[in-house]
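Colleague: 3D model of this:
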Amino acid sequence: MPRFGIISVASVVAFLSGGGDAATPDNVSSRLQVHVPQSLFKDDGYDHREALFGIPPYGGSIAQNLYYADSDLCDPTVDTRKGYPIRAKDETGKMAPWPSPYLLMIDRGGCSFVQKVRNAQRSGAAGVIIADNTCLCSDADCVSANGEDVCQTAEPIMADDGSGSDISIPSFLMFKKDADAVKAELRANHMVHMEMKWALPSPDDRVEYDLWTVPSDMVSRDFQKNFKDVAVALGDRAYFTPHQYIYDGVKSHCQGADGENMCFNLCTNNGRYCATDPDNDLDHGISGADVVKESLRRICIWKHYGESDGIGKEWWDYIAEFLHRCDTPDYFANDDCIKDAYKHSNIDSGTIDRCMNDSGGLTADTPNAFLDLEMAAQTRRGVVVLPTAFVNTVALRGALTIPTVFNAICAGYLEGTEPKICTQCDKCPNELECIRNGGKCDGVVVGVSSGGISTRTFTVSLLAVVAAFGGIGYLHWKKTRDEMRDQVRGILAEYMPPAKSMGEPPTALSPPSSEMRDQVRGILAEYMPLEDGGDNAVGGSPMDFARRGGTTHLIS
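Modeller: Residues are numbered from 1 along each chain as shown. Sure, this is the predicted structure:
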């Protein structure tokens with residue numbers, strides 16, 4: 001069944017919120033600063049916008065030399081030998097590429113933000129600064145200096161175009177006035193040292209984190225199905241709050257002047273609370289009203305089974321059961337399927353039904369208290385893109401994955417107060433597996449910040465190496481012994497008389513000549529001492545060895 005992704009949700013959010021201030025994520029958690037030259041340093045850093053894709057190192061920073069690509073970087077073939085500051089020529093006779101690691105400044109325009117950053121990532125950039133090309137209308141100095149009447153009322157949102165899941169580096173959008181000053185410094189062949197920094201508020205030894213989504217969201221499915229183990233492992237050291245995004249039908253004019261529902265089955269409560277149609281078919285499948293009803297149900301489940309401890313085992317269980325049993329057009333709003341999900345997650349259906357009705361219900365033209373609270377919260381928080389996770393009130397950027405959220409939560413604690421599970425699993429290549437194993441991580445030294453391998457892995461590797469060399473040594477020894485035996489027998493065959501015909505008496509062997517003896521001694525001397533005068537002597541003479549057929553071991 002076709003579903004909507006991040007971009008379609010973002011566009012709907014912008015439409016239903018009517019544009020305005022809510023469409024600009026001003027509450028960025030990062031900091032952008034220039035350290036060199038000192039003339040560009042600002043006490044409070046530079047205004048910027050964060051990309052809603054990529055993976056920022058929360059709690060960390062990237063401070064490197066900045067290079068200006070002198071391009072919009074829309075072409076996948078990136079010329080790393082151009083731009084500013086100008087570098088010396090290398091052995092090819094051309095200007096040297098941007099030396100890694102580096103930050104790269106790119107001009108806005110020509111293609112999507114995602115495409116620009118992807119090309120920069122492939123070129124080796126550690127981070128990207130996109131220089132805006134349009135002044136803010138509120139910045140009179142920029143507008144007058146630019147000499148153009150064109151301006152923008154707000155900086156654009158660096159949204160994911162739906163293909164940004166492969167991007168791992170962070171990126172910022174720098175306002176035009178500031179970006180022009182930085183570009184001027186770089187064009188003058190002066191080095192600029194810039195820092196991108198991310199901080200999570202760390203007020204105490206408990207972290208609060210939220211998740212904003214909708215029941216029909218496909219992007220957050222895997223996260224919601226598997227994050228329960230992390231929530232349980234963090235225990236009371238982290239407090240979770242799930243939120244459901246509800247569209248304001250009144251602001252979207254879904255409720256007409258005469259009180260009529262103008263958006264039909266997209267809304268409940270006569271047009272007050274709405275959701276987009278997941279399958280884009282108003283006549284069949286899941287309706288927007290079905291999504292609103294499931295949203296209210298999940299709010300009530302959390303109220304009764306999660307709000308008290310901030311963990312909500314039963315809430316997570318219900319989400320997993322619903323996704324497993326009911327997340328299809330035929331069963332999404334099926335009461336029997338919902339009851340089955342209740343049963344398998346130990347939730348009392350009567351309690352939830354009463355909660356949904358007591359909050360205001362979904363059928364009458366009356367407000368619903370819980371849905372109104374959700375709409376007020378999403379306006380205060382400035383939620384723009386779904387799904388979105390917040391840690392200590394800071395929106396997380398990049399893909400919604402368990403490692404991203406887990407590491408952000410662990411970075412949000414006051415230094416020295418992190419739960420044990422954070423120090424045990426933060427360096428593990430598979431955080432979820434480590435958490436499920438009670439903090440035991442295969443392949444990495446648990447709780448050590450620097451890289452390393454476990455004792456078990458080291459021992460197994462060492463034994464494998466020893467076994468390999470032992471096998472090679474044995475094969476070499478066996479081959480050498482066989483070669484020596486063949487050479488001795490060949491020499492003897494040259495000097496021994498041919499066998500007599502049957503019935504004739506055998507001819508007695510004559511003593512070996514000095515020539516034969518010397519050849520045999522020479523061959524044996526390559527591999528072992530002929531006589532050592534002790535217990536390990538090899539039978540007295542080369543002829544004795546030859547007559548025994550070389551059965552004596554060459555290596556004692």
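
Colleague: give me the number of residues near residue 98?
Modeller: A count of nearby residues for residue 98, using other Cβ atoms under 10 Å, gives 23. The way it works is simple: take the backbone N, C-alpha and C, and place the C-beta from them, glycine included.

Colleague: isn't it right next to residue 104, touching?
Modeller: Yes - counting by Cβ atoms under 8 Å, residue 98 touches residue 104, with 7.0 Å between them.

Colleague: now the common contact residues for these two.
Modeller: Counting by Cβ atoms under 8 Å, 6 or more residues apart in numbering, the contacts common to residue 98 and residue 104 are 67, 123, 125.

Colleague: look up the closest residue to the second one, ignoring the ones flanking it.
Modeller: Of all residues not flanking residue 123 in the chain, residue 78 sits nearest, at 4.2 Å (Cβ to Cβ, 6 or more residues apart in numbering).

Colleague: phi and psi next, for the one you found.
Modeller: Main-chain torsions, residue 78, degrees, to the nearest 10: phi -90, psi 130.

Colleague: quick one: contacts for it?
Modeller: Contacts of residue 78 by Cβ under 8 Å, 6+ apart are 69, 119-120, 122-123.

Colleague: that one and residue 94: what is the separation?
Modeller: In this view, residue 78 and residue 94 are 15 Å apart by Cβ to Cβ, to the nearest Å.

Colleague: that older thread, out of the contacts of residue 78, which are inside strands?
Modeller: Judged by DSSP state E, the contacts of residue 78 include no members of strands.

Colleague: quick one: which two of those are the most distant?
Modeller: Of all pairs drawn from the contacts of residue 78, the one with the longest distance (Cβ to Cβ) is 69 and 122, at 12.7 Å.

Colleague: neighbour-wise, which of these two wins?
Modeller: Shown here are residue 69 and residue 122; by other Cβ under 10 Å, residue 69 has more neighbours (24 against 13).

Colleague: which residues touch that one?
Modeller: If you count contacts by Cβ under 8 Å, 6+ apart, residue 69 has them with 78, 82-83, 104-107, 120.

Colleague: return the per-residue confidence for the residue nearest to residue 123.
Modeller: What the model reports for residue 78 is a pLDDT of 96.

Colleague: before we move on, what about residue 280?
Modeller: Predicted confidence (pLDDT) for residue 280: 87.

Colleague: how many neighbours does it have?
Modeller: For residue 280, the neighbour count with other Cβ under 10 Å is 11.

Colleague: could you measure it against residue 346, distance?
Modeller: On the measure of Cβ to Cβ, residue 280 and residue 346 end up 35 Å apart.

Colleague: before we move on, what about residue 77?
Modeller: With distances taken as Cβ to Cβ, residue 77 is found 57 Å from residue 346.

Colleague: turn the shared contacts of residue 98 and residue 104 into a markdown table, including distance to residue 165 and neighbour count.
Modeller: Formatted as a markdown table, the shared contacts of residue 98 and residue 104 follow (distance: Cβ to Cβ, whole Å; neighbours: other Cβ atoms under 10 Å):
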| residue | distance to residue 165 | neighbour count |
| --- | --- | --- |
| 67 | 26 | 23 |
| 123 | 19 | 19 |
| 125 | 18 | 27 |
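
Colleague: from the residues you listed, pick the one nearest residue 50.
Modeller: residue 125 (16.4 Å).

Colleague: which ones are touching the closest one?
Modeller: By Cβ under 8 Å, 6+ apart, the contact list for residue 125 reads 98, 102-104, 169.

Colleague: shaky segments in the stretch 1-150 of the chain?
Modeller: Residues of the stretch 1-150 of the chain meeting the criterion pLDDT under 70: 1-28.

Colleague: can you rerun that using 50?
Modeller: For the stretch 1-150 of the chain, residues meeting the criterion pLDDT under 50 lie at 1-26.

Colleague: do the chain as well
Modeller: Applying pLDDT under 50 to the chain picks out residues 1-26, 444-452, 529-540, 542-543, 545-547, 550-556.

Colleague: please redo it, this time with the cut-off set to 70
Modeller: In the predicted model of the chain, residues 1-28, 202-203, 443-460, 487-488, 491-556 satisfy pLDDT under 70.

Colleague: show the residue spans covered by the strands in it.
Modeller: Listed in chain order, the strands of the chain (DSSP E) span residues 30-36, 48-50, 61-68, 103-107, 127-131, 171-174, 192-198, 207-213, 238-244, 247-248, 267-268, 273-274, 388-391, 394-395.

Colleague: let's have those strands in JSON lines, adding distance to residue 368.
Modeller: Output for the strands of the chain, formatted as JSON lines (distance: least, Cβ to Cβ, whole Å):
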{"stretch": "strand 30-36", "distance to residue 368": "36"}
{"stretch": "strand 48-50", "distance to residue 368": "33"}
{"stretch": "strand 61-68", "distance to residue 368": "44"}
{"stretch": "strand 103-107", "distance to residue 368": "46"}
{"stretch": "strand 127-131", "distance to residue 368": "42"}
{"stretch": "strand 171-174", "distance to residue 368": "38"}
{"stretch": "strand 192-198", "distance to residue 368": "37"}
{"stretch": "strand 207-213", "distance to residue 368": "18"}
{"stretch": "strand 238-244", "distance to residue 368": "12"}
{"stretch": "strand 247-248", "distance to residue 368": "12"}
{"stretch": "strand 267-268", "distance to residue 368": "8"}
{"stretch": "strand 273-274", "distance to residue 368": "7"}
{"stretch": "strand 388-391", "distance to residue 368": "23"}
{"stretch": "strand 394-395", "distance to residue 368": "26"}
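
Colleague: would you mind finding the most buried of the ones you listed?
Modeller: strand 273-274 (a mean of 29; mean count of other Cβ atoms under 10 Å).

Colleague: report all helices and strands that that strand contacts.
Modeller: strand 247-248, strand 267-268, helix 288-305 (3 or more Cβ pairs under 8 Å, 6 or more residues apart in numbering; DSSP states H and E).

Colleague: how much does the longest one deviate in direction from strand 238-244?
Modeller: So the one you mean is helix 288-305. 160 degrees (axes from the mean of the first three to the mean of the last three Cα atoms, to 10 degrees).

Colleague: list of residues touching helix 288-305?
Modeller: Under Cβ under 8 Å, 6+ apart, the answer for helix 288-305 is 214-216, 241-242, 244-246, 263, 265-268, 273-278, 312-315, 318-319, 322, 332-333, 338, 347, 351-352, 355-356, 359, 362, 368, 370-371, 374.

Colleague: closest to residue 34 out of the contacts of residue 125?
Modeller: Checking these one by one against residue 34 (Cβ to Cβ), the nearest turns out to be residue 103, at 10.8 Å.

Colleague: what bridges to the closest one?
Modeller: Residues in a beta bridge with residue 103, per DSSP bridges, are residue 66, residue 127.

Colleague: pretty sure it sits against residue 126.
Modeller: Yes - Residue 103 is within contact range of residue 126, at 6.2 Å (criterion: Cβ under 8 Å).

Colleague: now for the two: what residues contact both?
Modeller: Residues touching both residue 103 and residue 126 (Cβ under 8 Å, 6+ apart): 62, 64.
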